[in-house]
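K.L.:
next come a sequence and a model predicted from it.
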Amino acid sequence: MIPFRACRIVARPIALVAWASGVRRSITMRNLAIAFPEVSDVERRRIARRSFVNLVTVFLEMLVLRHMSTAAMARAITIDNLDLLRGIDSNGALLLSAHFGNWELLALAAGALSGVPFAIVVKEQRDHGQLNRMRTSHGNSVIPTSRAARETAALLRRGGLVAMLADQAAADDEPVVRLFGVPTHTFSAPARLALRFRPRIVTAFAARRENGTYHAVIRELPYDDLEDNPDGIRELAQRYVALLEAQTIAHPEQWAWQHRKWKSSPGVHY
């Protein structure tokens with residue numbers, strides 16, 4: 001019942017209550033101190049509070065997305081270079097993004113506005129399928145993480161499109177890259193799949209504008225120079241992380257800082 005652009009207004013008091021109650025506040029502040037050691041504590045607190053508002057806004061917007069028409073989505077988000085999705089060849093494509101801005105709107109609108117639906121790798125939720133009904137309401141499909149390796153490989157072999165978010169904390173047996181100058185374990189699955197099956201890789205991040213709408217640019221991530229070996233996997237993961245870092249520096253309040261991103265990094269304690 002809430003208009004899409006009103007979600008961020010409703011989100012603000014909820015987010016400030018969550019901040020005041022200490023929900024993941026220490027984790028958020030620790031992450032910001034790691035990423036931006038040169039920034040004052042006052043500024044980091046400002047970014048943290050705004051990141052809570054962003055996260056609650058996204059959660060509220062998710063409730064609206066399932067009921068939005070394609071025309072309404074086109075008003076809510078502008079996506080540049082949609083032709084990159086329409087021009088995918090028989091090798092298929094990996095679509096990489098992150099928990100940045102409104103990642104759910106990005107996936108839903110990219111499939112609907114391009115006319116090229118794709119499969120999204122998702123973590124299973126205890127919500128009786130509500131979130132996945134939203135995700136599939138305009139033609140996209142979902143692949144649970146429990147079946148991701150097999151189904152993603154099969155889809156890429158058929159020239160399909162698969163979307164992934166690869167920015168969450170990874171186990172300590174994953175490759176180490178540098179994020180904000182910090183040695184960071186990162187998920188290698190996208191790089192492994194890409195170097196094995198050679199799909200196109202495209203990236204996009206949906207940044208919220210001052211008026212509450214979003215803007216994303218779809219870009220191809222080149223990797224023709226990389227071989228299918230540990231060095232190639234690490235370098236491709238680093239290229240993705242570099243894009244995420246640049247986007248986060250531009251809009252630090254729009255990344256989800258509320259997770260233990262560096263829990264596997266030496267010397268980092270939460």
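P.N.:
All right, it came through fine. The structure displayed is predicted, hence computed values, not measured ones.
K.L.:
so where do the helices sit in the stretch 151-270 of the chain?
P.N.:
Under the criterion DSSP state H, counting those that start in this stretch, helices of the stretch 151-270 of the chain are mapped to 189-197, 230-250.
K.L.:
can you pull out the residues in contact with the first one?
P.N.:
When contacts are taken as CB atoms under 8 Å, 6 or more residues apart in numbering, the neighbours of helix 189-197 outside the stretch itself are 91-92, 94, 96, 148-149, 152-153, 156-157, 162, 164, 166, 175, 199, 201, 223, 226-228, 232-234, 236-237, 240. Where you see a C-beta, it was placed from the backbone N, CA and C, and this is true even at glycine.
K.L.:
rerun that using 6 Å as the cut-off
P.N.:
Helix 189-197 has contacts (CB atoms under 6 Å, 6 or more residues apart in numbering) with L94, L96, L156, M164, A166, I201, D228, G232, I233, L236, A237.
K.L.:
circling back: between the helices of the stretch 151-270 of the chain, which one is closest to V58.
P.N.:
For these, the distance to V58 is smallest for helix 230-250, at 15.4 Å, taking CB to CB.
K.L.:
give the rounded mean pLDDT of the closest one.
P.N.:
The pLDDT scores in helix 230-250 average 98.
K.L.:
tell me who's in contact with E61.
P.N.:
Contacts of E61 were listed using CB under 6 Å, 6+ apart, and they are C7, N102.
K.L.:
what helix or strand does it sit in?
P.N.:
Following DSSP states H and E, the helix or strand that holds E61 is helix 41-65.
K.L.:
contact partners for the closest residue to V58 other than its chain neighbours?
P.N.:
For V58, ignoring the flanking residues on the chain, the nearest one in space by CB to CB, 6 or more residues apart in numbering is N102 at 5.0 Å. By CB under 6 Å, 6+ apart, the contact list for N102 reads V58, E61, A206, Y214.
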